[in-house]
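> Sequence and computational prediction follow.
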4 protein chains.
Amino acid sequence: MTTPANTAPNPRRVGIWIIGALGSVSGTVALGLALADASTQSGMVTAMPPFAPLQLDSLSSFTVGGHDIRPGTLFDSVLLLHERSRLFTYQQLSQSQPTLEQWSANIRPGVILAANPTIVNMSDSRRVQAVATPRQAIAAIQADLQAFQRDQQLDQVVVVNLASTEPPFEAGDMHQSLELLQAQLDTTDRVILPTSSLYAYAAIDLGMPYVNFTPSTGSSLPALEELTRLRKTVVAGKDGKTGETLLKTALAPMFAQRNLQVLSWVGYNILGNRDGQVLHDPANKASKVKTKDAVLASILGYRPQSQVAIEYIESLDDWKTAWDHIHFEGFLGTKMVMQLTWQGADSILAAPLVLDLARLTLFAQRRGEVGILSHLACFFKSPMGSNVHELARQWQLLEAYLASCV
Amino acid sequence: MTTPANTAPNPRRVGIWIIGALGSVSGTVALGLALADASTQSGMVTAMPPFAPLQLDSLSSFTVGGHDIRPGTLFDSVLLLHERSRLFTYQQLSQSQPTLEQWSANIRPGVILAANPTIVNMSDSRRVQAVATPRQAIAAIQADLQAFQRDQQLDQVVVVNLASTEPPFEAGDMHQSLELLQAQLDTTDRVILPTSSLYAYAAIDLGMPYVNFTPSTGSSLPALEELTRLRKTVVAGKDGKTGETLLKTALAPMFAQRNLQVLSWVGYNILGNRDGQVLHDPANKASKVKTKDAVLASILGYRPQSQVAIEYIESLDDWKTAWDHIHFEGFLGTKMVMQLTWQGADSILAAPLVLDLARLTLFAQRRGEVGILSHLACFFKSPMGSNVHELARQWQLLEAYLASCV
Amino acid sequence: MTTPANTAPNPRRVGIWIIGALGSVSGTVALGLALADASTQSGMVTAMPPFAPLQLDSLSSFTVGGHDIRPGTLFDSVLLLHERSRLFTYQQLSQSQPTLEQWSANIRPGVILAANPTIVNMSDSRRVQAVATPRQAIAAIQADLQAFQRDQQLDQVVVVNLASTEPPFEAGDMHQSLELLQAQLDTTDRVILPTSSLYAYAAIDLGMPYVNFTPSTGSSLPALEELTRLRKTVVAGKDGKTGETLLKTALAPMFAQRNLQVLSWVGYNILGNRDGQVLHDPANKASKVKTKDAVLASILGYRPQSQVAIEYIESLDDWKTAWDHIHFEGFLGTKMVMQLTWQGADSILAAPLVLDLARLTLFAQRRGEVGILSHLACFFKSPMGSNVHELARQWQLLEAYLASCV
Amino acid sequence: MTTPANTAPNPRRVGIWIIGALGSVSGTVALGLALADASTQSGMVTAMPPFAPLQLDSLSSFTVGGHDIRPGTLFDSVLLLHERSRLFTYQQLSQSQPTLEQWSANIRPGVILAANPTIVNMSDSRRVQAVATPRQAIAAIQADLQAFQRDQQLDQVVVVNLASTEPPFEAGDMHQSLELLQAQLDTTDRVILPTSSLYAYAAIDLGMPYVNFTPSTGSSLPALEELTRLRKTVVAGKDGKTGETLLKTALAPMFAQRNLQVLSWVGYNILGNRDGQVLHDPANKASKVKTKDAVLASILGYRPQSQVAIEYIESLDDWKTAWDHIHFEGFLGTKMVMQLTWQGADSILAAPLVLDLARLTLFAQRRGEVGILSHLACFFKSPMGSNVHELARQWQLLEAYLASCV
Ligand SMILES: NC(=O)c1ccc[n+]([C@@H]2O[C@H](COP(=O)([O-])OP(=O)(O)OC[C@H]3O[C@@H](n4cnc5c(N)ncnc54)[C@H](O)[C@@H]3O)[C@@H](O)[C@H]2O)c1
Ligand SMILES: NC(=O)c1ccc[n+]([C@@H]2O[C@H](COP(=O)([O-])OP(=O)(O)OC[C@H]3O[C@@H](n4cnc5c(N)ncnc54)[C@H](O)[C@@H]3O)[C@@H](O)[C@H]2O)c1
Ligand SMILES: NC(=O)c1ccc[n+]([C@@H]2O[C@H](COP(=O)([O-])OP(=O)(O)OC[C@H]3O[C@@H](n4cnc5c(N)ncnc54)[C@H](O)[C@@H]3O)[C@@H](O)[C@H]2O)c1
Ligand SMILES: NC(=O)c1ccc[n+]([C@@H]2O[C@H](COP(=O)([O-])OP(=O)(O)OC[C@H]3O[C@@H](n4cnc5c(N)ncnc54)[C@H](O)[C@@H]3O)[C@@H](O)[C@H]2O)c1
Ligand code: NA
Ligand code: NA
């Protein structure tokens, strides 16, 4: 295993704990960590020279663990991606297999208190921990996290949410302060927190950095923000910006800066992986469409007719394919057209950003930062703690942060 | 005629003198000025609110004149665009006709000293002024410019190069200083200046602002920069950034900021207007491909395999259509694809930027600025006085300028 | 008015009566008939040499009339298409205006017995005939048809349905025979026939050829087929094949003949004209998606995952734009991709086929043919009297018919 | 090894001898034969039910051999395709490896008498047989062919040309009859036959069926046709129709049958495999562009402006990507656009057709057919013995042949 650039000289031992550990993105993250060679540089923002002075944790200093609600191993996940989506070469697969099998032993049954039927149906009851209240769920999760840190002798552990997207959750009064929320943790007769927030609570309460790569609620409740400050840890989220939205935030400013009126922006996404299957359920899809749709109006300053459709087309597997049709008006009322198609392997796009976020949150916590890391806005569709959406401006926030660190 | 926003309260009278006055872009500029209504707002950068404090010249304060080497009127040009490319509505055409016919009387025969065969063939000898030396050419041009300003009682005149693209010109020692250049102005046995530079010389020497919207040489010679400072005027150029290159400078930073390695970027442009016909001549095309190709390496920091083809396909007329195929590598060596097609009416995209440049150079000169206006980089494929290519960063240069003006 | 090729030497006077006379397709049909010059040849199948021997009615022998439920003139319709979709040139508009205004006097208020809310909302009550029973509706329509034929002194009249698409209609027992149906024509308490079938009944009962260019029911009921034979007239339908489906029936056979397994075929259509607005209502859209979807399975012999979405995007107006993503499997399980985009002006594509159908049905009736004209399958998405969908095979049916006529 | 459908009950032993045995298509052919399982059905025309009655040779009855001018094994070729183009799964590779290594022993050094520099540079002198005259070359080739048939105990051997494309060759008087040609076979001072024709001569002279899957000359000379009849064997060619041309011959008839005038058809192909590299040489490219360009005029009956560009873009490897922009005119002179992109793995598309052709030519010869097999037109860009280009009509020729065989 070679050590890629931009890493600390004396590697500490760190852990990445993944909620949704047997998913596609998680498998790709683990495969990248197991290889930690030149092929893991592309797509990773923190592998670029400007990040070298930060001496972030090297890829080879990471150990993988996590929760999932289905059986299997990390190697099973990547082999399936290979067979259905032709990702990874034979050499990569055979080289990483031993490490992946070893890390698979760190994967523990998850919790699904309050999950919706699509997710429950997907789960295997033998891989789900029986818990009756939010408090019990949090305790069970924390026991696993602590065992991981202790058994693997890790200096620091970051928790990353890569579980299936949940339906939108409406926050209420009890979510406005930690005290109010804690008073309800024994409730059994209704859903007071979505599953993603139970995991977030557990991690933050242990003082671990928490990254929400999904559109689910996770730590984005005032009560959990309070907990974050109380436990002196950091959080970042939400919903990794990997495909069509990334493009929109790079392209829409061009129309704004040329005063070309966007008449309509139609986006049609098709994909066939498990994530696509979960998003096929209208309830779960709603979260995703919401984070995707806000971006345009924010950048343009007006709301053109827009459509963001996501359809599950099985044969595409991990190859998320998007068609965008942008109809715009120029001088003298002339209508013109720009179209684009994007063919990206979703897990391949997401995994290196997960590694970036793991490295940057671990680093921030070590530096003594606390709370929402708004300088990480460029990684997210719905950046917490920031309303900047233009990719170029988000990039400058990150550059300014880098400058402030050295 | 209504007055669009962002214009001065007491309109002065200004002139725009167009080299290539009977071309497609020129006709569209003139049509826009003749209408000066709500339909002229889209696509015009200076029509946006941040420019209001500058009190730029209103569209209705402009008078049009220019040089060309072919017969015809401004109305003929726009009617042809309507018939072949379905640009403009009946109402726009009938409403603008009287003004366009009137302005057509201001169009004077041009000069083609040193032009290449493709351009000479296109010209009509009765519409070309007989001149034997560079000095005579400059004098003839200046006589026309002065007559226009005097007869139309104009406070200020800006000269814009919208003539057919010339082949690339290799600058030599004599172009390094004004003194050396002036010593050669009576040369008859070889080409010492391309035609575009003769026009530029004439304009600058009269202290008029000069804009080069084409990739031709124009004022981009050290000797002419010297003349610009001497005559206390301003210049901007070169090659209007309206289509595929605009897109590249908006999109390429996204790949850089995500550390996605661009493996190849293939651009294939097809168009069928007169400009396309001129670019069909490999000599003339060379200038264009050159300004288009440099951009990518400058933004990415490395040179991916790239192709920029331009083909003349008659039926497309003004509808420049481009296909870009971007092949990039992500995590673990996975190759992914983004494709885009652009269907833009070239003249419609160019004309409002010409108006922006006319307004901003007139304004800068009035403010006492002198020399190359590098804050106008966002308008050009090869910005003079700047090596910033990312659209977002160019935009910030313009924003900073706006802030400095108020 | 010049006479295009392939027409009879001594023109008879014929009429085309359009249900939906003020719609986009109708306006384009009328404009084409008013011009009847070289510009009307492209897109018209019967303008090709093989049709010359049939001596079909010349375009200049047609007079236009029809029903609609909204106010306006044929010229209003085409001017709106010009302004919103940049169809037609100034010369075409000004030249056709007098004829279009004259024909507009032949347009009569329609009936909307049993129409769905989307269509009722669109109508203007002053342009709707008050009728209480199916029998009254049929009588009112027939009075208009007879007056048109008599007043305009027409040898023959063809009735074409170009009205807005209705929701799907479930045929029952009473539609299986003419006798049963006629017994119900005074029903007032429920819908026994969709509006399109009332018009079809009226036309067929008068012995006029009837063409259904829409997916609505029209004459496609056993009882009306019986009436067709009884009155010795001819019918053709349904749903003009102009865009994405046309492409599918040309392309899908290629995949079949190469044994390339189509894994998924995703079609996404956007358009912004009134037809798009009506199809926006899920009830009306259902009819369209149904006729579009059957085609693929019929050609391939199996049913790949397929999607046919139609969305109303206002800015596109008449420019129906479709993206098709075809995912197919080749040798050794390799997945490959073909994508296409189609940008067609819907009315421009439809109008010449309407003229073809008018000419060919008038011709067939004159020859003594009776019933459903199955040799016209190539014109329709859901060909009546035929289950041949491959365009190439449909074309051969038409060629065989031509051969049999001479 | 399972036996796919449509094969003879008592398998005979047959051989496929490939000129260009170490190329990409050849490797894929061999891999398919080594697997001969369900994954080899897709893309193979003769695997479809209508071919069952012919009892063609089963895939498992084939043995592979051939000529090449570079070192390596069949497994090397497919592994490279896997690594650069992500073709084939790990399981396919590991399962086929033993058979591929065994067949590699049947690969013999080739001849390059008269090849052009691009091909000579690519060759390894140790893998080229030293021959001085055409007659010697033919003899050397024949010795290899006979040894293969004898050593492998094959009932029948088909020779397929899959070597790199040669520059166009101008046939002269001596190629008009066998007698004239044979008189020149000892010529040493100039090129009397391209290399592909030497191979063709050798095969045909031994009475072996010969398939030319490339645009090179091969057997397409009157003298070689004479030899074919004399030796009672069969030939088919030329230039496998696998991508953009396949699409053109499926789609262009649609425009013809709708009388939609094609104004321009622009095709831009990019690919990065060795074939692309050879086609990068303008001399070799000329052959390809020629066979691609003729098709359109033949189907439409007129010659629209057309472009067929092929560029070598290394990163694409085997993934030939094509953009087609079709500009067409409809009713009233309206211009409309259809665009398509094709992303096909060239070898994957070609290999199953090579197997089809091998099976069908072996079958035809067994049946006693002689000469050019014009019923195989659907497989080729420039079908020998046929000027039918429409895919649908070519398909009917094959169907008619099938009907005549049973
Ligand atoms: N480009 C991208 O891939 C991308 C971008 C942004 C966001 N995301 C989000 O990242 C997440 C992961 O994507 P993926 O493609 O790997 O999805 P996936 O479906 O392959 O993986 C999700 C995993 O989460 C597990 N899971 C579900 N509920 C759980 C629970 N309560 N506890 C523990 N595990 C649970 C599932 O069993 C599954 O293994 C999704 O929410 C997706 O929307 C992905
Ligand atoms: N989007 C755009 O349209 C765009 C963008 C960037 C640059 N440009 C450049 O702008 C220029 C104008 O484009 P266009 O589409 O209007 O081209 P055009 O061919 O329609 O017009 C050029 C005109 O210049 C005239 N001309 C040529 N040589 C001349 C001379 N020596 N003196 C006077 N007139 C002369 C020609 O007769 C013609 O009327 C071209 O150089 C083009 O490359 C255009
Ligand atoms: N390419 C094509 O344009 C195409 C292809 C296939 C089918 N079609 C069908 O053709 C029809 C016409 O298309 P369009 O674009 O002209 O639509 P449109 O909406 O512009 O015109 C339809 C007209 O029908 C009128 N109408 C509605 N109900 C009526 C009634 N009961 N009696 C009389 N008039 C009535 C409306 O007022 C309107 O003027 C639609 O059903 C469409 O689905 C069109
Ligand atoms: N879809 C397709 O792949 C397709 C379609 C039509 C035609 N073709 C043609 O098929 C041929 C093979 O394509 P490929 O992709 O496998 O190309 P390739 O370059 O991978 O293989 C060609 C092989 O021919 C060998 N060769 C060259 N000259 C030779 C000689 N004189 N004797 C023996 N071997 C020689 C080369 O060394 C090479 O191994 C090319 O001519 C190509 O144009 C391919
Ligand atoms: Na792809
Ligand atoms: Na268009």
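That came through, no problem. Numbers count the residues shown, from 1 in each chain, chains lettered A, B, ... in the order given. Ligands and ions are numbered 1, 2, ... in the order given.

> what helix or strand is the closest residue to ligand 5 within the stretch 251-400 of chain A on?
When you check the stretch 251-400 of chain A against ligand 5 by CB to the ion, the closest residue turns out to be residue A:343, at 4.7 Å. In short, each C-beta sits where N, CA and C put it, glycine included. Assigned by DSSP states H and E, residue A:343 falls within strand A:335-345.

> Parallel or antiparallel, list what pairs with that strand.
Strand pairing for strand A:335-345, determined by DSSP bridges: strand A:319-329 (antiparallel), strand B:335-345 (antiparallel).

> thinking again about what came up before, which residues touch the residue of the stretch 251-400 of chain A closest to ligand 5?
A:319, A:320, A:321, B:336, B:337, B:338, C:337 (CB atoms under 8 Å, 6 or more residues apart in numbering or on different chains).

> What degree of burial does residue A:302 show, as a neighbour count?
The burial metric for residue A:302, expressed as a neighbour count using other CB atoms under 10 Å in any protein chain shown, is 9.

> quick revisit: any bit of the strand holding residue A:343 sitting next to ligand 2?
No: shown here: strand A:335-345 not in contact with ligand 2 (CB under 6 Å from any ligand atom), separated by at least 11.6 Å.

> Just confirm yes or no for the helix or strand that comes right after that strand near ligand 5.
Next in sequence after strand A:335-345, counting helices and strands by DSSP H and E, comes helix A:346-367. No: Helix A:346-367 lies apart from ligand 5 when judged by CB under 5 Å from the ion; the minimum separation is 12.5 Å.

> For the helix or strand following helix A:346-367, what is the distance to the chain centroid?
The element immediately downstream of helix A:346-367 (helix or strand, assigned by DSSP H and E) is strand A:371-372. Averaging C-alpha positions (CA atoms, centre = their mean, to the nearest Å) puts strand A:371-372 16 Å from its chain's average.

> Stretch A:24-38 now?
Computed by CA atoms, centre = their mean, the separation of stretch A:24-38 from the middle of its chain amounts to 15 Å.

> and that stretch, anywhere near ligand 1?
Yes: using CB under 6 Å from any ligand atom, a contact is recorded between stretch A:24-38 and ligand 1, made by A:24, A:25, A:26.

> Identify, from the residues you listed, the entry nearest to residue C:119.
residue A:24 (46.8 Å; CB to CB).

> give me the number of residues near that closest one?
Around residue A:24 there are 27 other residues, counting by other CB under 10 Å.

> so who does it touch?
Per CB under 8 Å, 6+ apart, neighbours of residue A:24: A:77, A:81, A:273, A:274, A:275, A:318, A:346, A:347.

> What pLDDT does the model give it?
Looking at residue A:24, its pLDDT stands at 97.

> and if you look at residue A:196?
The pLDDT attached to residue A:196 in the predicted structure is 97.

> What sits closest to it if chain neighbours are left out?
residue A:216 (3.8 Å; CB to CB, 6 or more residues apart in numbering or on different chains).

> any idea how far the one you found lies from residue C:137?
56 Å (CB to CB, to the nearest Å).

> what is the rounded mean pLDDT of stretch A:162-175?
For stretch A:162-175, mean pLDDT rounds to 94.

> How about the residues of chain A by ligand 1?
Counting by CB under 6 Å from any ligand atom, the residues of chain A close to ligand 1 are A:19-20, A:22-26, A:67-70, A:110, A:112, A:115, A:119, A:122, A:162-165, A:195, A:213-214, A:239-240, A:242, A:273-275, A:278, A:346-347, A:349-350.

> can you narrow these to ones near ligand 3?
Near ligand 3, by the rule CB under 6 Å from any ligand atom, you find none of the residues of chain A next to ligand 1.

> Which ones among those lie within strands?
Using DSSP state E, A:19, A:67, A:68 are the members of those that sit in strands.

> How many neighbouring residues does the last one have?
By that I understand residue A:68. Residue A:68 has 24 nearby residues by other CB under 10 Å.

> Would you tell me which one of the contacts of residue A:24 comes nearest to residue A:384?
Distance to residue A:384, by CB to CB, is smallest for residue A:275 among these, at 21.0 Å.
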